[in-house]
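In: Could you work out the structure for the sequence below:
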Amino acid sequence: MSMEGGCICRHIRYRLNGRPLIVHACHCTWCQRETGTVHALNAMYEAERVEHIAAEPEIVDTPSASGKGQKIARCPVCKIAVWSNYPGAGLAVRFVRVGTMDDPNQCPPDVHIFTLSKQHWVTFPPGAKVFAEYYDRRDVWPQDAQERWRILREKMKKT
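Out: The predicted structure is shown next:
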């Protein structure tokens, strides 16, 4: 499976190879403010599965709720954010903004996180995985994603 996406002006284009590790809908107040909406929707991919097919984004260091910052990849022309990198996984994992995909319907949220701070009118569909804060990956991620994560962590240790 592969999906493509990019910024609004099409200067930045990417191809995603395979399924994401997981798709987060983050309802923290930081994501709400940063995105200007009720939550951020990010598909987590190993960086090697995100192929640049047109131009390179500019990387902008920004603060984050954790205090450790994040690197946001933005189009240098239209300034749309296409993905972020967070300190926990460094440059090895990209949190791709689902809204920048050509067909965002392919990546609905697998899990809703930091829902303690969600907007009071936001509701979740029956059966949705909903967490007040974060979760234990071993309890939530599919087995194949956990294996990909294990392989990625091994590679990170070697670099």
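In: contacts and neighbour counts: CA atoms only from here.
Out: Will do.
In: quick one: buried residues of whichever helix or strand residue 150 is part of?
Out: Using DSSP states H and E, residue 150 maps to helix 143-158. Residues of helix 143-158 classed as buried: 145-146, 149, 152 (neighbour count, 16 or more other Cα atoms under 10 Å).
In: Can you tell me what sits against it?
Out: 20-22, 46, 92, 137-138 (Cα atoms under 8 Å, 6 or more residues apart in numbering).
In: Just the residues you listed: which are in strands?
Out: 22, 46 (DSSP state E).
In: Would you mind confirming that residue 54 is in contact with residue 12?
Out: Yes: the pair residue 54 and residue 12 qualifies as a contact (Cα atoms under 8 Å) at a distance of 5.3 Å.
In: Of those two, which one has the most company?
Out: The residue with more neighbours, out of residue 54 and residue 12, is residue 12; 24 against 13, by other Cα atoms under 10 Å.
In: So, low pLDDT: which residues of this protein?
Out: Applying pLDDT under 70 to the chain picks out residues 159.
In: If we use 50, what do you get?
Out: Counting by pLDDT under 50, not a single residue of the chain qualifies.
In: for it, what spans make up the strands?
Out: According to DSSP E, the strands that the chain contains are 2-6, 13-17, 22-26, 40-46, 50-54, 58-62, 70-74, 81-85, 93-97, 111-113.
In: I'd like those laid out as TSV, including distance to residue 157.
Out: Below are these laid out as TSV (distance: least, Cα to Cα, whole Å):
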stretch	distance to residue 157
strand 2-6	28
strand 13-17	23
strand 22-26	22
strand 40-46	15
strand 50-54	21
strand 58-62	24
strand 70-74	21
strand 81-85	18
strand 93-97	14
strand 111-113	28
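In: Show me which of the contacts of helix 143-158 are buried.
Out: Buried among those (16+ other Cα under 10 Å): 20-22, 46, 92.
In: and residue 3, what does it touch?
Out: 15-18, 101-103.
In: Specify which member of these is nearest to residue 114.
Out: The nearest member of those to residue 114, counting by Cα to Cα, is residue 101 at 23.6 Å.
In: and the end-to-end length of stretch 81-99?
Out: Stretch 81-99 has its terminal residues 10 Å apart, counting by Cα to Cα, to the nearest Å.
In: I should have written stretch 98-107 there, sorry.
Out: End-to-end for stretch 98-107, by Cα to Cα: 7 Å.
In: In it, which residues have enough neighbours to count as buried?
Out: For stretch 98-107, by 16+ other Cα under 10 Å, it's 98-101, 107.
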